[in-house]
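**Student:** Build me a model from this:
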Amino acid sequence: MASTMKIVFGLLTFVTVGMIIGALFQLAFIRKLEDSYGSAFPSFKRVHKRQNDGYLQFPRGVPIWNNDKEAELLRLGYVKPEVISWSPRIILLHNFLSTEECDYLRAIARPRLYASTVVDAKTGKGIKSNVRTSSGMFLSPEEKNYPMVQAIEKRISVFSQVPIENGELIQVLRYEKDQYYKPHHDYFADTYNLKRGGQRIATVLMYLSDNVEGGETYFPMAGSGECSCGGKTMKGLSVKPIKGNAVLFWSMGLDGQSDPNSMHGGCEVISGEKWSATKWMRQRASS
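**Tutor:** Numbering: from 1, shown residues only. As a prediction, this is how the structure comes out:
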């Protein structure tokens, strides 16, 4: 009996040790997989941000970007796309711009702000309107070639999947207290404005400032619930302006037709200053 118990105990010990060794090999294999995928998918919980060096890094000290300029331009590991509506198509891009990029665009724009206008359907020129009460400016073609602006342009192109040359010049806007932009469509309903690059198909709206009360981007035709817009409760969906975030939305549906549900507006600012930058993407290269 005693010898039988010894044999059983020995077998149990052998099996247990084998299971432990197998589990250790499995953990090592999983860790190896995580490391191999880390540079392409830097969203594992083991990844953390180095505060001073400006890139993501594994705890063992291996930087994810690893001098990859393309990854740095695209802010891989920082930008987090979140689909917030399928009809209309709206994607919230968290951490799309760095703090330095936001401040840079504001610094360029501040000395050259003028009262915002809307596009006249007959002439294609900007005209003043109470539909839009902000102030703004467009970057020049020369400024489009500045390295930091080029990086932003490249990022917009990749995330929107629209060629850089199809984009209009970036417009920087400032909304002060009580200023707003009433709901409207970005696509054109006339033929004059279609001559340069065709229809506007997508818009990227980037937020450049924080600590703003109100000033949400409002989509009255999106969602089935209620949202806050300039301190009021409205039907639809709204996006709070958070510095560095961006909203990508499509003015054309999957059928290639203009999407009426893409109507949107800038809610009234209650306090603070709302700074934003807009990039419109066309069907063809703009001349």
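**Student:** Quick one: residues in contact with stretch 271-278.
**Tutor:** Here stretch 271-278 makes contact (Cβ atoms under 8 Å, 6 or more residues apart in numbering) with 102, 105-106, 109, 170-177, 203-209, 211-215, 241, 266. To be clear about C-beta, it is placed using only N, CA and C from the backbone, and glycine gets the same treatment.
**Student:** Can you tell me which of those residues are classed as buried?
**Tutor:** Buried subset of the contacts of stretch 271-278 (neighbour count, 16 or more other Cβ atoms under 10 Å): 102, 105-106, 109, 170-175, 203-209, 212, 214-215, 241, 266.
**Student:** Would you list the phi and psi of the spatially most central residue of the chain?
**Tutor:** In the chain, the centroid-proximal residue (Cα atoms, centre = their mean) is Leu93; its distance is 2.4 Å. Dihedral pair for Leu93: phi -100, psi 100, per degrees, to the nearest 10.
**Student:** what do you get for Cys267?
**Tutor:** Torsion angles, degrees, to the nearest 10, at Cys267: phi -70, psi 160.
**Student:** Check Glu72 too.
**Tutor:** phi -70, psi -40.
**Student:** burial measure for the closest residue to it other than its chain neighbours, as a count.
**Tutor:** Distance criterion Cβ to Cβ, 6 or more residues apart in numbering; nearest residue to Glu72, sequence neighbours excluded, is Trp65 at 5.3 Å. Using other Cβ atoms under 10 Å, Trp65 has 20 other residues around it.
**Student:** Trp65 belongs to a helix?
**Tutor:** No. Trp65: not assigned to a helix; according to DSSP: H, G, I helix; E, B strand; the rest coil it is coil.
**Student:** just for the chain, where's the confidence low?
**Tutor:** Residues of the chain that meet the criterion pLDDT under 70 lie in 1-64, 117-129, 287.
**Student:** nearest residue to His94 other than its sequence neighbours?
**Tutor:** Lys80 (4.1 Å).
**Student:** so who does the one you found touch?
**Tutor:** Contacts of Lys80 by Cβ under 8 Å, 6+ apart are Leu93, His94, Asn95.
**Student:** how much space between it and Lys279?
**Tutor:** Lys80 is 19 Å from Lys279, where distance means Cβ to Cβ, to the nearest Å.
**Student:** now do Gly198
**Tutor:** 16 Å.
**Student:** cool, Ala151 as well?
**Tutor:** Using Cβ to Cβ, one gets 13 Å for the distance from Ala151 to Lys279.
**Student:** In terms of neighbours, single out the busier of the two.
**Tutor:** A count of neighbours by other Cβ under 10 Å puts Lys279 above the other of Ala151 and Lys279, at 23 against 18.
**Student:** contacting residues around the more buried one?
**Tutor:** For Lys279, the contacting residues are Glu153, Ile156, Gly167, Glu168, Ile170, Gln171, Thr203, Val204, Met206, by Cβ under 8 Å, 6+ apart.
**Student:** Count the neighbours of Asp103 for me.
**Tutor:** When neighbours are counted by other Cβ under 10 Å, Asp103 comes out with 15.
**Student:** from here on, count from 10
**Tutor:** Will do, 10 is the new start, and the previous item becomes Asp112.
**Student:** Assign a three-state SS to it, would you?
**Tutor:** Asp112 ends up helix, using three-state DSSP.
**Student:** Could I get the contacting residues of it?
**Tutor:** Leu217.
**Student:** do the same with His194
**Tutor:** By Cβ under 8 Å, 6+ apart, the neighbours of His194 are Ser260, Ser267, Pro269, Ser271, Met272.
**Student:** For the residues you listed, which two are the farthest from each other?
**Tutor:** Ser267 and Met272 (10.8 Å; Cβ to Cβ).
**Student:** My reading is that Val256 lies in a strand. Confirm?
**Tutor:** Yes. Under three-state DSSP, Val256 falls within a strand.
**Student:** Put the alpha carbons of stretch 285-296 into PDB.
**Tutor:** Output in PDB follows, covering the C-alpha atoms of stretch 285-296 (Å, rounded to 0.1, in the frame of the first residue of the first chain):
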ATOM      1  CA  SER A 285     -10.100  75.400 -33.900                       C
ATOM      2  CA  ALA A 286      -8.600  74.600 -37.200                       C
ATOM      3  CA  THR A 287     -10.600  73.200 -40.200                       C
ATOM      4  CA  LYS A 288      -9.400  71.200 -43.100                       C
ATOM      5  CA  TRP A 289     -11.800  70.500 -46.000                       C
ATOM      6  CA  MET A 290     -11.100  67.600 -48.300                       C
ATOM      7  CA  ARG A 291     -12.200  67.600 -52.000                       C
ATOM      8  CA  GLN A 292     -12.900  65.000 -54.600                       C
ATOM      9  CA  ARG A 293     -10.000  66.100 -56.700                       C
ATOM     10  CA  ALA A 294      -6.800  68.200 -56.300                       C
ATOM     11  CA  SER A 295      -7.600  71.800 -55.700                       C
ATOM     12  CA  SER A 296      -6.000  74.300 -58.100                       C
END
